[in-house]
Every structure is written in C-alpha cells, then in structure tokens.
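no FASTA, just this:
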C-alpha cells in the first residue's frame, strides 16, 4: 500500500504540526511535529506532497478550446490575462482535469512564492512529488460548505469547489457571503466546520451565533490541528498539482549513471538472454494453441452443426448461440454481487449508518443511506473507491433531525 508524507508549508501557527505520514486511504500512520527537518527521516520510498497556503493560490475555471495539456498551459496566461491584477509573466498557471464540457479548473500562483516553497523543501532534503493548495485538501460535499478555522486563517470552500480565505475575525462575513450564494443557487445552507483546538474558546460561540441562519451546523474539533484532516483528504483525493510546466518534477537519476553503468550492461545481457528463451517458449505455445484451436472448433461444430463459419473468437460466438437458444446468462449479476459486497464492507466501516434502499440497473447502483453525520458519509465514499475498482459519487447529503440522509451513486471504474 502506498504511503504519503504530507508537508504543510507556512502554517499560520508556527508551533503546529508541519508533516504527517498517511496511507492511500487517508489513515494517519505517523503524526508529525513543528520541525520540518524531522520529516526527511520518513521520506524514503514515500510520495511527498506539499500543501501550500490557500490565500496565496487563486482558483478559477476557464473555457479553453484545446484538450492537450501542453497547449492548455500555453493558452492559460492569455485566457486569464484580463482577470488578473499582476503581470502574467510573474505568475505560474497549473491546469486541473477537465470533466466533460465543464470549464477547466485552474490554479494560479506567483512564481517566486512557488520557488520559495520548493527551496524550503529541498533545504530539508525533501523532493515533492506534488504540491497542492490547502483548499484542495478540504472536504467536498454536495449542498454543504466546509469551513476550516485556526489561529490566523479561515478558509471556506463551497460545494462547487471555490474557496475564500480570510482572517478568523472575518469568519462571520465570509459565511454570510457564502449564504447569499447558496440561497441564490439553491444548493443548501449546510455548514461543516473543522475547528483547531487553539481557537475553540474564541470561535465556537461565534459559530453557534450563526446556527439560526443555517439549515445545519456541524462543528468538528481537531485538537491536534487541521493537518490531520488535510492530510487525510489530499491522500485520497488529489487536487491541482502546481508542479507543472517549468516547475514539473524532473528525475535526478543521471548523476548516478556512472555507478550503475556495469549493472545496466549486465541487465541488458540478461534481458537479451531471457528474450531468446521467451521467443522459444512463445513458438511452442503458439503450436499448442493452434492444436487447441482445432479441438475447440471441432467441438463447436459438433454442438452446432448448422453453423458454417467458426469465428476467431469462438467463446463469444458460443455465448451468442447460447443466448439465441434462451440459455445464456447475463454477466451483470456478477457485477451486482461484487458491488454489493464492497458496499456492505463500506457501510460496516461507517459506524451507525443504515442502508435504507438499493437501486441497481445497467451496472450502476444507487444507495440511500442514513448516517450520523456528513463525515461518516464521506468515509463510506472513500472506503468504496479505495480498492480502485469502483467510482462512488455523493449525489446529496441532507440533514434529517440529528442525522444525514445521503444518496451515493456507484459504478465500475472505466465502464
């Protein structure tokens, strides 16, 4: 299982954790310290992810008529020039992954800031695989705004992925601004707050004062700081990697070539020998396959004597003939049972969750769940996708008394 070393750059509280080791599902394996130099001891063999402060990174969406990643990076400065106050030559543009006909998600940051972050990591002997905005590491839930609060920083992300950053003293203002947009878009006024322990005494009463204006308000206290939640999310759901174009990670293996030259020569010799052996093996297997092909064709003609031509894909032709006789079986039942097994495992992991209904058709399963909170619903989604076999999308998450009614749509990845 892959492991990720998540590094937080420029946290507002200098004494907060700077790094954390998590697995690919977001499970915390090692809690870090404020000392970044200690992270290097855990870097070997692990993917290193940097989280940059959200206020330094602009997120936007742009309509571009090109699909090539290289052409997108070339076109972005010209497409966004009129929207930016600074000269585009001073800025670095990174493109996300476009979905269908939706606008292309974009992240913009000053080149000198990005260079500064890379130099800080390299000074600690850390070579990042990816670098994301902290806003990319926040929960993404339909109809729900997510607010991260700590000493010195407040970041509010809406259900469309757009983030607003401010000082904690402006928390009420950015919540009110978000409420206006949520009501106009009818996306729901549900607010999930992650509150760092160092500002609970000051911020919890101010948040409670907003409860009457919200459909739901859920406050999660993170005693050890926000990095534990940020690391969990970014490992399971990456955002826009800033290390693109001129800042893309490059291999430094060339300097080790002299030491590996002899080993490489031996490896090439072994590869040539193995290729010859494999070629002889393939020739033998081809002859056996030809014999089997003749035997299969003979058996097919025995079962279906009226068929004149036997196709190359005998199995598919056999299944077609069986379906014509009304004796074929649908393979969809196998996918249904596999999906149901994964769902059962995920629901058991979400303690206190009840499965209210299941709808399955054409390879897609829709679930109606009753969960204790939106965090449990998010955990069930990540559990389903962690195996890499299925996609899981939260269609809705609505408050019902002290619980959350959620709808999940599950499909086979790549189908």
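Nice, thanks for sending it over. Worth saying up front: this structure is predicted, and the values here are computed from it rather than measured.

what residues are up against residue 121?
By Cβ atoms under 8 Å, 6 or more residues apart in numbering, the contact set of residue 121 is 7, 9, 48, 50, 127-128. C-beta coordinates here come from the backbone N, C-alpha and C atoms, glycine included.

with those residues in mind, which one is nearest to residue 344?
If you rank the contacts of residue 121 by distance to residue 344 using Cβ to Cβ, residue 48 comes first, at 35.3 Å.

so that closest one makes contact with residue 131?
No: assessed by Cβ atoms under 8 Å, residue 48 is found out of contact with residue 131, at 9.3 Å.

higher neighbour count, those two?
Applying other Cβ atoms under 10 Å to residue 48 and residue 131 shows that residue 131 carries more neighbours, namely 27 against 21.

residues of the helix or strand hosting residue 48 that come out buried?
Element membership for residue 48 (DSSP states H and E) is strand 47-52. Within strand 47-52, the residues scored as buried using 16 or more other Cβ atoms under 10 Å are 48-52.

so where's this protein shaky on pLDDT?
Applying pLDDT under 70 to the chain picks out residues 1, 250-260, 291-292, 295-296, 298-304, 314, 322-333, 415.

ok, now with 50
Within the chain, the stretches with pLDDT under 50 are 252-256, 327-330.

and the helices in it, which stretches?
69-80, 111-123, 171-185, 200-208, 227-236, 257-303, 314-324, 332-349, 374-385 (DSSP state H).

what sits up against the fifth one?
Outside of helix 227-236, the residues that reach it under the criterion Cβ under 8 Å, 6+ apart are 4, 6, 8, 11, 16-20, 22-28, 31-32, 49, 51, 132, 134, 136-139, 148, 194, 220, 222, 382, 385-386.

show me what the strand holding residue 48 packs onto, helices and strands only.
On a contact count with 3 or more Cβ pairs under 8 Å, 6 or more residues apart in numbering; DSSP states H and E, strand 47-52 meets strand 3-8, helix 111-123, strand 130-133, helix 227-236.

if you set the cut-off to 10 Å instead, what comes out?
strand 3-8, strand 19-23, helix 111-123, strand 130-133, helix 227-236 (3 or more Cβ pairs under 10 Å, 6 or more residues apart in numbering; DSSP states H and E).

in the longest one, what's buried?
Under the neighbour-count criterion of 16+ other Cβ under 10 Å, helix 111-123 has 113-114, 117-118, 121 buried.

now the residues you listed in TSV, with distance to residue 354?
Shown next, in TSV, are the buried residues of helix 111-123 (distance: Cβ to Cβ, whole Å):
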residue	distance to residue 354
113	47
114	46
117	45
118	48
121	45
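
residue 242: which of those is nearest?
residue 114 (6.2 Å).

quick check, that closest one in contact with residue 133.
No: the pair residue 114 / residue 133 is not scored as a contact, 11.3 Å apart, by Cβ atoms under 10 Å.

overlap in contacts of the two?
Common contact partners of residue 114 and residue 133 (Cβ atoms under 10 Å, 6 or more residues apart in numbering): 52, 56-57, 94, 242.

are any of those buried, and which?
Buried by 16+ other Cβ under 10 Å: 52, 56-57, 94, 242, out of the shared contacts of residue 114 and residue 133.

nearest to residue 319 among those?
Using Cβ to Cβ, these come closest to residue 319 at residue 94, 47.4 Å.

hey, what's that closest one bridged with?
With DSSP bridges as the criterion, residue 94 is bridged to residue 107.

separation between it and residue 164?
Per Cβ to Cβ, to the nearest Å, residue 94 is found 20 Å from residue 164.

what's the closest of the contacts of residue 121 to residue 277?
When those are compared against residue 277 (criterion: Cβ to Cβ), the nearest one is residue 127, at 38.6 Å.

wait, doesn't the closest one sit right on residue 119?
No: applying Cβ under 10 Å, one finds residue 127 not in contact with residue 119, separated by 11.8 Å.

quick one on the thing from earlier: now, the most widely separated pair of the buried ones among the shared contacts of residue 114 and residue 133?
Most distant of those, by Cβ to Cβ, are 56 and 94, 13.1 Å apart.

overlap of the contact sets of the two?
108-109, 114, 133.

those residues: which two are farthest apart?
Farthest pair in those (Cβ to Cβ) is 114 and 133. Separation: 11.3 Å.

out of the shared contacts of residue 56 and residue 94, who's the most crowded?
residue 133 (26 neighbours).

which residues sit in contact with that residue?
Here residue 133 is in contact with 51-59, 94, 107, 109, 155, 163, 165, 234, 239-240, 242 (criterion: Cβ under 10 Å, 6+ apart).

mind running it again at 7 Å?
Applying Cβ atoms under 7 Å, 6 or more residues apart in numbering, we find residue 133 in contact with 52, 54, 57, 59, 107, 239.

ok, now residue 154?
147, 166-168, 170-171, 174.

just the buried subset of the residues you listed, please.
147, 166, 168, 171, 174.

quick check: end-to-end length of stretch 392-407?
Start-to-end span of stretch 392-407 (Cα to Cα, to the nearest Å) is 10 Å.

which residues are in contact with that stretch?
Contacts of stretch 392-407 (Cβ under 7 Å, 6+ apart): 141-144, 190, 215-216, 366-374, 377, 381, 384-385, 408-410.

can you flag the buried ones in those?
141-144, 190, 216, 366-369, 371, 373-374, 377, 381, 384-385, 408, 410.

picking up where we left off before, quick one: which of the contacts of stretch 392-407 sit in strands?
144, 190, 216, 366-371, 408-410 (DSSP state E).
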